[in-house]
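Engineer: Let's see this in three dimensions:
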Amino acid sequence: MAYTTINKSTDYFNTLLYTGDGSGTRNITGVGHNPDLVWIKDRGNSQNHSLTDAVRGGTKNIVSNLTNAESTSTNGCKAFVTDGFTIGSDNDVNGNSRNYVAWNWKANGQGSANTDGSINTTYTSVNTTAGFSISTYTGTGANATIGHGLGVAPKFTIIKRTSGAEEWSVQSSVIGLSNYLVLNSTNGSAGTSGALISAVSSTTLTVDSNSVVNGSGSAYVAYCFAEKTGYSKFGSYVGNGNADGAFVYTGFKPAWVMRKYATGGSASGEGWEMLDSARSPSNVADERLKADSSGAESTGSNYYVDFLSNGFKCRTADNATNNSGATYIYMAFAEAPLVGTNNVPCTAR
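Structural biologist: Sure, this is the predicted structure:
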């Protein structure tokens, strides 16, 4: 019996490593699909993250580690091409001899307006197979609903105001919608009280009047993720404070994990850790970048994790990963399903 309808995860998500050459225009290919969200980070230098999507358009850049408004970067990620994307000479994406990682998700091009909510989106690009949508909209400053197009309730939603400086909102039903986390901050959820998104349904998000997600006349982008068995998992786990750490079942061999301390225990001030199987092709995985930091990639025992055939296991008692009694939130995407549609089982690393 087939375990999942997604047999080849790289059709929808893939990590690509490349070396910059400083040239004016260059195509980066080998993604494995035509990406609609490209997230790039310089691995070896203190350099901002760069997020560009097909809904807002090439050259329109937002930065996960800053509150800055969207900027037009003609030398950043410039366009989306078959099997990849086009970059210019900006150091954020193509400094000479610098090493980069690009995380790539597939939606459905620029999309079209979604009218399911009281706010009509400008564009909503949806991939219901992969459980991913990108929407742009203009806020009203009053409680409202916004259509996401997924057909099921999203488990993880990231929203950024693009027309002005504002923190990034991250909310997930896995830890409840009564608090939110901030992508550009190390704060836990207890420090950001308030339901910016008070409800999610199979068609809409319900947003309040806060300027973080719905300021009057402000422009926003929303990235919504729904779980797909064998391909994506969005959840939480509780640390045990032991080097033989917590095991997190995902149902697939992870290709990418982003995790963040949320609440409880004695941990605080811990950032959004990003690990992937491309930068760490064998266990233990410890090549870490942080979504909230421009810092270069770091390694060490504080970040140890094993990517297994059916999930990941913490290999450290560090506060950022596995503090006793602390709750951590995570997003994970698959390298391979535990058992694919061809009934071939996934092997351990």
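Engineer: Whatever helix or strand Val126 lives in: what's the following helix or strand?
Structural biologist: In this structure, Val126 is located in strand 123-127 according to DSSP states H and E. As assigned by DSSP H and E, the chain's next helix or strand after strand 123-127 is strand 132-138.
Engineer: I'd guess Gly245 is in a strand, am I close?
Structural biologist: No: counting by DSSP: H, G, I helix; E, B strand; the rest coil, Gly245 is not found in a strand; it is coil.
Engineer: which residues touch the closest residue to it other than its chain neighbours?
Structural biologist: Computed as C-beta to C-beta, 6 or more residues apart in numbering, the closest residue to Gly245 that is not its neighbour in sequence is Cys314, at 2.9 Å. (Glycine included, C-beta is placed from N, CA and C.) Residues near Cys314 by C-beta atoms under 8 Å, 6 or more residues apart in numbering: Gly239, Gly245, Ala246, Phe247, Val248, Tyr304, Val305, Thr321, Asn322.
Engineer: same deal with Asn96?
Structural biologist: Going by C-beta under 8 Å, 6+ apart, Asn96 touches Gly20, Asp21, Gly22.
Engineer: ranking those residues by neighbours, who comes first?
Structural biologist: Gly20 (21 neighbours; other C-beta atoms under 10 Å).
Engineer: So that residue versus Lys60, what's the distance?
Structural biologist: 21 Å (C-beta to C-beta, to the nearest Å).
Engineer: what's the answer for Thr25, then?
Structural biologist: Thr25 is 17 Å from Lys60, by C-beta to C-beta.
Engineer: Tyr261 now?
Structural biologist: 31 Å.
Engineer: Who has more neighbours out of those two?
Structural biologist: Per other C-beta under 10 Å, whichever of Tyr261 and Lys60 has more neighbours is Tyr261, with 28 against 20.
Engineer: low pLDDT regions in the chain?
Structural biologist: 1-5, 190-195, 337-349 (pLDDT under 70).
Engineer: Please enumerate the strands of the stretch 101-250 of the chain.
Structural biologist: In the stretch 101-250 of the chain, the segments counted as strands under DSSP state E, counting those that start in this stretch are 123-127, 132-138, 144-147, 156-161, 169-172, 181-182, 197-200, 204-207, 219-225, 232-238, 247-249.
Engineer: Let me have those in JSON lines, extended by mean neighbour count.
Structural biologist: Below are the strands of the stretch 101-250 of the chain laid out as JSON lines (neighbours: other C-beta atoms under 10 Å):
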{"stretch": "strand 123-127", "mean neighbour count": "23"}
{"stretch": "strand 132-138", "mean neighbour count": "26"}
{"stretch": "strand 144-147", "mean neighbour count": "22"}
{"stretch": "strand 156-161", "mean neighbour count": "25"}
{"stretch": "strand 169-172", "mean neighbour count": "26"}
{"stretch": "strand 181-182", "mean neighbour count": "22"}
{"stretch": "strand 197-200", "mean neighbour count": "18"}
{"stretch": "strand 204-207", "mean neighbour count": "24"}
{"stretch": "strand 219-225", "mean neighbour count": "23"}
{"stretch": "strand 232-238", "mean neighbour count": "21"}
{"stretch": "strand 247-249", "mean neighbour count": "17"}
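Engineer: Kindly reformat those as JSON lines containing distance to Thr72.
Structural biologist: Shown next, in JSON lines, are these (distance: least, C-beta to C-beta, whole Å):
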{"stretch": "strand 123-127", "distance to Thr72": "18"}
{"stretch": "strand 132-138", "distance to Thr72": "15"}
{"stretch": "strand 144-147", "distance to Thr72": "25"}
{"stretch": "strand 156-161", "distance to Thr72": "16"}
{"stretch": "strand 169-172", "distance to Thr72": "23"}
{"stretch": "strand 181-182", "distance to Thr72": "25"}
{"stretch": "strand 197-200", "distance to Thr72": "28"}
{"stretch": "strand 204-207", "distance to Thr72": "26"}
{"stretch": "strand 219-225", "distance to Thr72": "14"}
{"stretch": "strand 232-238", "distance to Thr72": "31"}
{"stretch": "strand 247-249", "distance to Thr72": "39"}
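Engineer: Which one, of those strands, ends up nearest to Asn7?
Structural biologist: Closest approach to Asn7 among the strands of the stretch 101-250 of the chain is made by strand 232-238 (14.2 Å; C-beta to C-beta).
Engineer: Now tell me what touches that closest one from outside.
Structural biologist: Residues outside strand 232-238 that contact it (C-beta under 8 Å, 6+ apart): 13, 130-131, 155-156, 172, 174-175, 225-227, 246, 248, 250-252, 262, 264, 325-334.
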